[in-house]
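Student: no sequence for this one, just the structure:
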């Protein structure tokens, strides 16, 4: 570009420094290993950043945004770059390792420290002050220091900055402050290296957008360097060519067959696949907690049971909402292949229909006309009407057990028990709901579930979110869901009493005690 010159000697300095002086902290046979940079690290990061110069010799680039999927050795490259900048970058300056939180910042520092300690040359030049998470140049006094957005004080800072995983920064406060705090540093450089994120409202997306802008036309911001390795949204995510396009270190940092195995595993779970797209192909996935991310999976399960349900054992799940909104009842029949056929009934108080339709644009009237939604009189849900309908249903079908959330269910449970129907309380915790939730999830993804094509249930399935605890146990999450999910919760309750997980259900009488 006009106005800038490429200095080949300056471009080679960081490459030579890293490959000759830096060491890999992992020891093989007791001997620290030299670094062998990958071609993209040399040609697309180090040489452009330090080779392009202004007429007065200063660095052309003041900011750099680098987005690469995980496991492509981007963090180790930043660790090595920090060592170069604290020793050879002119003029001498501090280097700040900035992260979203203290743990992440400490992880960055530890990677640099281990590399320094493994290098016979750098361990003599650089002093590790582990108690303060500082690495100091003994000759110049300049330091590598950690900063995090949850505990930063940046007044008077001067130097260069390496931002780790900028997509995770909750606010731009630290990032903006560091950019302006280091503006007066000659040859100061702010580098962000990150994977794609899950929110397009934050600072990470803004840097990604800046990268796209300068990649398309460098003249829009000549002092910003952008580099993105990623799959395009319309790519075939299962194509190995796309994998290699998005992962410049494939075949060096990790083998392609392991990547392929991760892809096959990710396809079994919508949440896994969303994470796989972000971390492995650098595709921005909008924050989306929906349980069934692909609505086609749910729609494909709308089909008749394999044989008539009359006379077959039936299990019922009930989810009672507040008295002012939808309550759902789900009926489950086990199929010969081990899957289930589901059918629903939904109830809503008459006086809530107009407001919900007007305020939230929910097609209650359409559902009512179609016979999918039953209206009860008044402004509050008629629990006696629901109990009466279930008792009448049990007179014509082989009802085994009714599973119900014990919250606010005393009247219905008492009426059902008085009619001789067994009731089990399904407490709404992951210990109880994990097995039936995963059963439902597996059937939907595999499209082995059969259901009646109920539009109210489809509406709920489209926005139901899932809660996952630290052990991987799951359950439907009403708080994270954007609308009512009672049809899905009723289905999980039905499967809880219909499947082997019914052993986890608590007897209703014990709850009463």
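Tutor: Ah, there it is. Everything numeric in this text was worked out from a predicted model, so none of it was measured.
Student: Map the structural domains onto the sequence of this structure.
Tutor: Domain ranges of the chain: 5-228, 240-288, 296-512, per automatic domain parsing.
Student: can you tell which of the ones you listed is closest to residue 234?
Tutor: For residue 234, the closest of those is domain 240-288, at 10.4 Å, according to CB to CB. The way it works is simple: take the backbone N, C-alpha and C, and place the C-beta from them, glycine included.
Student: Now do the same for the closest one: mean pLDDT, whole number.
Tutor: What domain 240-288 shows for mean pLDDT is 89.
Student: cool, stretch 473-493 as well?
Tutor: 90.
Student: Now do the end-to-end distance for that stretch.
Tutor: 16 Å (CA to CA, to the nearest Å).
Student: What helix or strand is residue 3 located in?
Tutor: For residue 3, there is no helix or strand it lies in under DSSP states H and E.
Student: I figured it hits residue 223, correct?
Tutor: No. Applying CB atoms under 8 Å, one finds residue 3 not in contact with residue 223, separated by 10.7 Å.
Student: For these two, indicate the residue with more neighbours.
Tutor: Set residue 3 next to residue 223 and count neighbours by other CB atoms under 10 Å: residue 223 wins out with 15 against 8.
Student: And stretch 131-145, how far out from the chain middle?
Tutor: Mean-position distance between stretch 131-145 and its chain equals 36 Å (CA atoms, centre = their mean, to the nearest Å).
Student: per-residue confidence at residue 322?
Tutor: In this prediction, residue 322 carries a pLDDT score of 64.
Student: which stretches of the stretch 351-500 of the chain aren't confidently modelled?
Tutor: 360-361, 500 (pLDDT under 70).
Student: Run through the helices of it in chain order.
Tutor: For the stretch 351-500 of the chain, the helices defined by DSSP state H, counting those that start in this stretch occupy 353-360, 364-369, 383-396, 410-418, 430-446, 455-463, 486-498.
Student: From residue 63, how far out is residue 182?
Tutor: Using CB to CB, to the nearest Å, residue 182 is found at 10 Å from residue 63.
Student: what sits in contact with each of these two?
Tutor: Residues touching both residue 182 and residue 63 (CB atoms under 8 Å, 6 or more residues apart in numbering): residue 190.
Student: I'd like the domains of the chain laid out as a markdown table, including distance to residue 234.
Tutor: Output for those, formatted as a markdown table (distance: least, CB to CB, whole Å):
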| stretch | distance to residue 234 |
| --- | --- |
| domain 5-228 | 16 |
| domain 240-288 | 10 |
| domain 296-512 | 18 |
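Student: ok, residue 67 - how many residues close by?
Tutor: Residue 67, neighbours per other CB under 10 Å, totals 25.
Student: Give the phi and psi angles for it, as a check.
Tutor: For residue 67, the backbone dihedrals (degrees, to the nearest 10) come out as phi -120, psi 120.
Student: Tell me which residues touch it, please.
Tutor: The contact partners of residue 67, by CB under 8 Å, 6+ apart, come to 193-196, 208, 211, 227-230, 282.
Student: show me where the stretch 101-250 of the chain has helices.
Tutor: For the stretch 101-250 of the chain, the helices defined by DSSP H, counting those that start in this stretch occupy 102-118, 122-125, 173-181, 203-216, 240-246.
Student: Show me what the third one is packed up against.
Tutor: Packing contacts for helix 173-181, counted by 3 or more CB pairs under 8 Å, 6 or more residues apart in numbering; DSSP states H and E, involve strand 94-99, strand 143-148, strand 159-164, strand 190-194.
Student: Repeat that for the first one.
Tutor: Other helices and strands packing on helix 102-118, by 3+ CB pairs under 8 Å, 6+ apart, are strand 23-28, helix 74-87, strand 94-99, helix 122-125, strand 126-129, strand 134-137, strand 143-148, strand 159-164.
Student: by how many degrees do that helix and strand 159-164 diverge?
Tutor: 110 degrees (axes from the mean of the first three to the mean of the last three CA atoms, to 10 degrees).
Student: Just the buried residues of helix 102-118, please?
Tutor: With burial defined by 16 or more other CB atoms under 10 Å, the residues of helix 102-118 counted as buried are 104-105, 108-109, 111-118.
Student: So what touches that helix?
Tutor: Under CB under 8 Å, 6+ apart, the answer for helix 102-118 is 22-25, 27, 32, 75-76, 78-80, 82-83, 97-99, 122-123, 126, 128, 130, 133, 135, 144, 146-148, 150-151, 162, 164-165, 168.
Student: Ok, the last one next?
Tutor: The set of residues external to helix 240-246 that reach it, using CB under 8 Å, 6+ apart, is 69, 229-231, 235-236, 250-251, 256, 259-260, 263, 280-282.
Student: helix or strand right after that helix?
Tutor: The helix or strand immediately downstream of helix 240-246 is helix 256-266, counting by DSSP H and E.
Student: That next one: which residues count as buried?
Tutor: Neighbour counts over helix 256-266 (16+ other CB under 10 Å) mark 259, 262-263, 266 as buried.
Student: Which per-residue confidence value corresponds to residue 296?
Tutor: 81.
Student: Kindly report the same for residue 152.
Tutor: Note on residue 152: pLDDT of 55.
Student: and the residue most central in space within the chain, what does it touch?
Tutor: Geometric centre of the chain, nearest residue: residue 275, 5.3 Å, by CA atoms, centre = their mean. Applying CB under 8 Å, 6+ apart, one finds that residue 275 lies in contact with 266, 285.
Student: Please give the element, helix or strand, for it.
Tutor: Counting by DSSP H and E, residue 275 is found in helix 270-281.
Student: and the closest residue in space to residue 183 that isn't next to it in sequence, how far is that from residue 283?
Tutor: Excluding its sequence neighbours, the residue lying closest to residue 183 (CB to CB, 6 or more residues apart in numbering) is residue 62, at 8.0 Å. Distance, residue 62 to residue 283, by CB to CB: 28 Å.
Student: again with residue 441
Tutor: As judged by CB to CB, residue 441 and residue 283 stand 22 Å apart.
Student: still on that earlier bit, in a markdown table: the buried residues of helix 102-118, plus distance to residue 9.
Tutor: Output for the buried residues of helix 102-118, formatted as a markdown table (distance: CB to CB, whole Å):
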| residue | distance to residue 9 |
| --- | --- |
| 104 | 35 |
| 105 | 34 |
| 108 | 30 |
| 109 | 31 |
| 111 | 29 |
| 112 | 26 |
| 113 | 30 |
| 114 | 30 |
| 115 | 25 |
| 116 | 26 |
| 117 | 30 |
| 118 | 28 |
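Student: Name the nearest of those relative to residue 451.
Tutor: Nearest member of the buried residues of helix 102-118 to residue 451, counting by CB to CB, is residue 104, at 43.4 Å.
Student: distance of that closest one from residue 31?
Tutor: Relative to residue 31, residue 104 is positioned 30 Å away (CB to CB).
Student: cool, and residue 17?
Tutor: Residue 17 sits 20 Å away from residue 31 when distances are taken as CB to CB.
Student: Who has more neighbours out of these two?
Tutor: residue 17 (21 against 9).
Student: if we can go back for a sec, got a markdown table for the helices and strands packed on helix 102-118, with mean neighbour count, distance to residue 348 and mean pLDDT too?
Tutor: A markdown table is the format used below for those (neighbours: other CB atoms under 10 Å; distance: least, CB to CB, whole Å; pLDDT from 0 to 100):
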| stretch | mean neighbour count | distance to residue 348 | mean pLDDT |
| --- | --- | --- | --- |
| strand 23-28 | 15 | 62 | 73 |
| helix 74-87 | 24 | 52 | 94 |
| strand 94-99 | 25 | 49 | 91 |
| helix 122-125 | 16 | 70 | 96 |
| strand 126-129 | 16 | 65 | 95 |
| strand 134-137 | 20 | 63 | 96 |
| strand 143-148 | 22 | 49 | 89 |
| strand 159-164 | 25 | 50 | 92 |
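Student: Reformat those into CSV and put distance to residue 240 next to each item.
Tutor: CSV is the format used below for those (distance: least, CB to CB, whole Å):
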stretch, distance to residue 240
strand 23-28, 28
helix 74-87, 21
strand 94-99, 33
helix 122-125, 39
strand 126-129, 42
strand 134-137, 40
strand 143-148, 38
strand 159-164, 29
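Student: Right, I'll call it a day here.
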